[in-house]
Each structure stands twice: as C-alpha cells, then as structure tokens.
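Enquirer: The sequence isn't on hand, but the structure is:
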C-alpha cells in the first residue's frame, strides 16, 4: 500500500526543490500538502519538537496555483 497523501516540510532555501518534488508527486495523482517554513528564517532542524508540532497544524494543500504563486513570489 502506498501513501496517497504526502506532506512536505522543506526549509525556506529549498523552495524550488519542494516545487519540483510536489509536481512530480502530483503527476502520480498523489495529494500533496506542505507546511510553510518558520518565518524567522530558522531551519526545521533548529526547532524544538513542540515548535515543529505547532507548525504541522498549519498544513495546506499544494496545487498548481501554489507553484505559480511561488514562482511569482520569487521574482
């Protein structure tokens, strides 16, 4: 049995990689979700487990519009 729902939690400096991973997974009809990285610039590995858990409550679905917004935002 394979997962149909995948949550991505990449660091802010890996936005392009996250977009590529999400697009690849969506091509296989997977539902992809993501959690925005910490707004203070920290990496996930720099956070306590409680902080990570708090961020995980803010899961958003990744769509083709998400990628477009990310591309526009990076200009």
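Expert: Arrived safely. What you see is a predicted model; the values in this text were computed from it and never measured.
Enquirer: residue ranges with poor pLDDT in the chain?
Expert: Within the chain, the ranges that satisfy pLDDT under 70 run 1.
Enquirer: for it, what spans make up the strands?
Expert: 5-8, 31-34, 60-61 (DSSP state E).
Enquirer: Return the set of buried residues in the first one.
Expert: By neighbour count, with 16 or more other Cβ atoms under 10 Å as the criterion, the buried positions of strand 5-8 are 6, 8. In this view, the C-beta of every residue, glycine as well, is placed from N, C-alpha and C.
Enquirer: for stretch 20-31, same thing?
Expert: 21-22, 25-26, 30.
Enquirer: and which of the residues you listed is nearest residue 10?
Expert: Each of those was checked against residue 10 using Cβ to Cβ; the closest is residue 21, at 7.8 Å.
Enquirer: show me the contacts for the spatially closest residue to the closest one that is not a sequence neighbour.
Expert: Nearest non-adjacent residue to residue 21, counting by Cβ to Cβ, 6 or more residues apart in numbering: residue 8, 6.2 Å away. Listed by Cβ atoms under 8 Å, 6 or more residues apart in numbering, the contact set of residue 8 reads 18, 21-22, 32-35, 62.
Enquirer: Right, I'll leave it there.
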